[in-house]
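> need a 3D model of the following:
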Amino acid sequence: MSLKYSNTTADFLEWEEAMNLIRKLFKDENYSMSLLIALGCFFGLRISDILSLRWNQILNVNEFTIIEHKTGKKRTIRINAQLKRHITDCYKAMNPIGSNAPILVSQKGTVYSIQRINIILKELKKKYRLHIENFSCHSLRKTFGRQVYNMNNDNSELALVKLMELFNHSSVSITKRYLGLRQEEILQAYDCLSF
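Numbering: from 1, shown residues only. Model (predicted):
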């Protein structure tokens, strides 16, 4: 929960930095956070939906369907081959109690709270010297959105329409504002001036 009148904007991680963080966390044997960041960046789900996932939903499957907590809408997620390997590697390293177990379990044996994950992400920002100002659970969803947009820059309007559908936004303008594109476009007006 945030303080009243405080700014709770989440920023996105640059894609390469996010992928490097996933690899470093795995190498440092922090498998659950490596998996969390991978799933957040590749699925674009809200943290509440990621925390509700169980191993049998994501292990050795090409896609899965969930009902999003916030919207109640059905969403199908496709898992690419590289992420499938990472999920398998994390599963083997974490050795959960079974395939029906939640994927993100703390050392206490309970599913992480959103507040605890936000604290951990701030610790990771400091430890790994991440180039992001406001790093929180929502940063992962924004990282996904920004990468989808950047990968489709030759047809940015189509990318925005796809993201609007994926994020269940009511308009492209909301998606642009969500990704910080609107603010970037406005600030570019200052860059075109010369002295």
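
> centre of the chain to stretch 87-95, how far?
On the basis of C-alpha atoms, centre = their mean, to the nearest Å, stretch 87-95 sits 19 Å off its chain's mean C-alpha point.

> just so I have it, where are all the strands in the protein?
Secondary structure of the chain (DSSP state E): strands at 63-67, 74-78.

> these: which one's closest to residue 53?
Residue 53 lies closest, by C-beta to C-beta, to one member of the strands of the chain: strand 63-67, at 7.7 Å. Backbone N, C-alpha and C define where each C-beta goes, glycine included.

> any regions of the protein where pLDDT drops low?
Counting by pLDDT under 70, the chain shows low-confidence ranges at 1-8, 182-195.

> would you map out the domains in it?
15-140, 152-191 (automatic domain parsing).

> among the strands of the chain, which comes closest to residue 10?
Comparing the strands of the chain by C-beta to C-beta, strand 74-78 comes nearest, at 20.1 Å.

> returning to what we had before: export the domains of the chain to CSV and tack on distance to residue 9 and mean neighbour count?
Below are these laid out as CSV (distance: least, C-beta to C-beta, whole Å; neighbours: other C-beta atoms under 10 Å):
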stretch, distance to residue 9, mean neighbour count
domain 15-140, 6, 16
domain 152-191, 9, 14
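
> on that earlier part again, quick one, which of the strands of the chain is nearest to residue 42?
strand 74-78 (8.5 Å).

> contacting residues for the residue lying closest to residue 90 once chain neighbours are set aside?
Leaving aside its sequence neighbours, residue 90 sits nearest to residue 35 (C-beta to C-beta, 6 or more residues apart in numbering; 4.4 Å). By C-beta atoms under 8 Å, 6 or more residues apart in numbering, residue 35 lies in contact with 86, 87, 90, 94, 103, 104.
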